Each structure stands twice: as C-alpha cells, then as structure tokens.
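Enquirer: Generate a structure from the sequence data that follows.
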Amino acid sequence: MSQEVTRLEEILKDLTPEQLKYISIRPHVKYDYQAAEKMDIARETVGRWENKPLVDEAVKLMLLDGVIVAGEILRRSLSQAAQELANELEHKRVDIRHKAATQILDRQMGKAAQPMEHTGKGGDALVINLSWGDDGPTND
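Expert: Sure thing, here's the model as predicted:
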C-alpha cells in the first residue's frame with residue numbers, strides 16, 4: 001500500500017461524517033463554499049473546522065484514490081443499513097418481511113444451494129444438437 005493511501009486512511013479515521021461527505025464532494029467543485037452549499041451547510045462552517053488543513057490534505061489524497069473515501073463512508077453506514085434491513089422484519093406487509101428475512105439469511109448464511117438439472121426429460125441423457133453455421137457452431 002502506498003504512503004498516500006496509508007496517510008489518507010489515517011486522516012479519515014479522525015473526520016466527522018459531515019467532513020467525509022465534504023471530502024467526497026469537494027473535488028467536483030471549484031471552491032470550498034460550493035461544496036458547503038451542496039451539503040446544505042453554511043459557507044463559514046467549512047472554514048471554521050479546527051482540522052481544516054487535515055481535511056484539505058484528505059481532499060488532495062482522495063484525488064489519488066477515491067475508493068478509500070468511498071469505503072470509509074460505506075463502512076460507517078453499515079450498521080445503519082443493517083438496522084434498516086432488520087426493521088423491515090417488523091413491516092406490516094408479509095412480502096416485505098419475507099424479503100428482508102431472506103436477505104438477512106443470505107448475507108449471514110450464504111444463499112441456499114440451487115438445484116441444477118443435469119439430465120434431459122424423464123431422467124434421460126441431455127441431447128445437444130449442434131450445427132455448424134457460417135459463424136461457427138449453433139445450438140439447434
């Protein structure tokens with residue numbers, strides 16, 4: 001892992017969720033205040049962050065590897081996403097409860113084995129008819 005990626009990971013651990021959001025937006029606008037506006041926060045808020053130089057460094061490093069920032073945002077959102085899915089188990093509609101239960105089980109235990117037919121009709125051998133056309137073999 002490069003020194004830049006390691007440094008970025010270190011910085012991200014100390015940032016607030018709001019600052020992580022800022023870092024993901026900032027490279028796509030010309031000025032700090034534009035990122036603040038996209039976040040619906042006051043322009044002055046960004047400038048008042050005590051760790052603003054660290055946030056600026058993270059923005060520069062993120063340009064080298066944005067996947068690190070995205071991963072940190074998702075990691076921090078994981079428990080909230082899991083809780084949302086768990087809450088669906090209490091939904092009034094049975095189909096939604098069932099879908100949530102299936103998703104939770106699949107994530108924790110792996111999907112159930114899916115049967116695969118290896119024989120033809122009535123248990124006979126599979127019959128595969130291949131013809132050779134102008135573009136190569138075709139299945140008739």
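Enquirer: Every contact and neighbour count from this point should use C-alpha atoms.
Expert: Will do.
Enquirer: mind listing the helices for this protein?
Expert: Using DSSP state H, the helices of the chain run over 3-13, 17-25, 32-38, 43-48, 52-62, 66-87, 94-109.
Enquirer: Lowest average confidence across these, which one?
Expert: Note on those: lowest mean pLDDT is at helix 66-87, with a mean of 85.
Enquirer: what helices or strands is that helix leaning on?
Expert: helix 3-13, helix 17-25, helix 94-109 (3 or more CA pairs under 8 Å, 6 or more residues apart in numbering; DSSP states H and E).
Enquirer: Comparing these, which comes out most buried?
Expert: Of the helices and strands packed on helix 66-87, the one with the most neighbours on average (mean count of other CA atoms under 10 Å) is helix 17-25, at a mean of 18.
Enquirer: who does that helix touch, helix- and strand-wise?
Expert: helix 32-38, helix 52-62, helix 66-87.
Enquirer: want to throw those helices into JSON lines with mean neighbour count and distance to residue 5?
Expert: As requested, the helices and strands packed on helix 17-25 are exported to JSON lines (neighbours: other CA atoms under 10 Å; distance: least, CA to CA, whole Å):
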{"stretch": "helix 32-38", "mean neighbour count": "17", "distance to residue 5": "23"}
{"stretch": "helix 52-62", "mean neighbour count": "18", "distance to residue 5": "7"}
{"stretch": "helix 66-87", "mean neighbour count": "14", "distance to residue 5": "7"}
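Enquirer: returning to what we had before: distance to residue 119 for the helices of the chain - can I get that in TSV?
Expert: TSV is the format used below for the helices of the chain (distance: least, CA to CA, whole Å):
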stretch	distance to residue 119
helix 3-13	52
helix 17-25	53
helix 32-38	58
helix 43-48	66
helix 52-62	53
helix 66-87	39
helix 94-109	28
